[in-house]
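Trainee: requesting a structural model of the entry that follows:
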Amino acid sequence: MYLRKRALELIDEYIKNPNLKKHLLATENLMRHLARRFGENEEIWALAGLLHDLDWEITKETPEKHPLIAVEILEKEGFPQEVISAIKKHNHLQGLIPETNLEKALYTCEEITGLIVAVALVMPNKKLSEVTVERIISKFKEPSFAKGVNREIILKAEEMLGLKLEELAEIALKAMQEISDELGL
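Mentor: Model prediction:
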């Protein structure tokens, strides 16, 4: 619990964009659900999700440097090495190969939260409660929708984790619906 508290303090220090903060919360809960699905440590997985874009506002103009500054900060702060390693490997531009389930999950799955937010925002009431897995899959297949979402990376979840797109969408949607108030959706 102390580590999550410290993680939230670091987020307040380094992140000003409220939508980025919401992305981190969504990814935190998605990772918690994925840890449960794979019988892994939920707190460790959740921390990786919560902190994975800690340096995004610093590195957004030089994405190839993301998440190297976050890694330095988290090492100084004494966060668990498995969290740091997953964060370090989550940016495909680094060219690092995810090896553990935690690394593979963060690498392949965090992008889907952006797609789900985009789907919610085109719903009549702009609420996650209106979103369905079928709607997510339909919008996933439209390359012009939520163009910033890297669909190729998401599809690697099947190869790396044995998660079909439909199952990942279902897990992510449920995780995000649980915290819909925090996400403002």
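
Trainee: residue 96 reaches residue 85, doesn't it?
Mentor: No - contact status for residue 96 versus residue 85: not in contact, 9.1 Å apart, counting by C-beta atoms under 8 Å. Any C-beta I mention is one placed from the backbone N, CA and C, and that applies to glycine too.

Trainee: higher neighbour count, these two?
Mentor: Shown here are residue 96 and residue 85; by other C-beta atoms under 10 Å, residue 85 has more neighbours (19 against 14).

Trainee: name the helix or strand for the more buried one, please.
Mentor: Using DSSP states H and E, residue 85 falls within helix 81-89.

Trainee: backbone phi and psi for the most centrally placed residue in the chain, please?
Mentor: Against the mean C-alpha coordinate of the chain, by C-alpha atoms, centre = their mean, the closest residue is residue 110 at 2.8 Å. With angles defined as degrees, to the nearest 10, residue 110 sits at phi -70, psi -30.

Trainee: skipping adjacent residues, who's closest to it in space?
Mentor: Among residues not flanking residue 110 along the chain, residue 27 sits closest, at 4.7 Å (C-beta to C-beta, 6 or more residues apart in numbering).

Trainee: who's in contact with residue 145?
Mentor: The neighbours of residue 145, taking C-beta atoms under 8 Å, 6 or more residues apart in numbering as the test, are 118, 139.

Trainee: can you classify it by secondary structure?
Mentor: Assigned by DSSP: H, G, I helix; E, B strand; the rest coil, the conformation of residue 145 is coil.

Trainee: quick check: it vs residue 80, distance?
Mentor: Per C-beta to C-beta, to the nearest Å, residue 145 is found 36 Å from residue 80.

Trainee: and the residue nearest to residue 96 when sequence neighbours are not counted, how far from residue 106?
Mentor: Leaving aside its sequence neighbours, residue 96 sits nearest to residue 89 (C-beta to C-beta, 6+ apart; 4.4 Å). Distance, residue 89 to residue 106, using C-beta to C-beta: 8 Å.

Trainee: what does residue 160 give?
Mentor: For residue 160, the distance to residue 106 (C-beta to C-beta) stands at 11 Å.

Trainee: which residues do these two both contact?
Mentor: residue 98.

Trainee: these two: which has the busier surroundings?
Mentor: Per other C-beta under 10 Å, whichever of residue 160 and residue 106 has more neighbours is residue 106, with 27 against 18.

Trainee: any idea of the angle the top helix by length along the chain forms with helix 81-89?
Mentor: In the chain, with assignment by DSSP state H, the single longest helix is helix 18-38. Helix 18-38 and helix 81-89 are oriented at 120 degrees to each other (axes from the mean of the first three to the mean of the last three C-alpha atoms, to 10 degrees).
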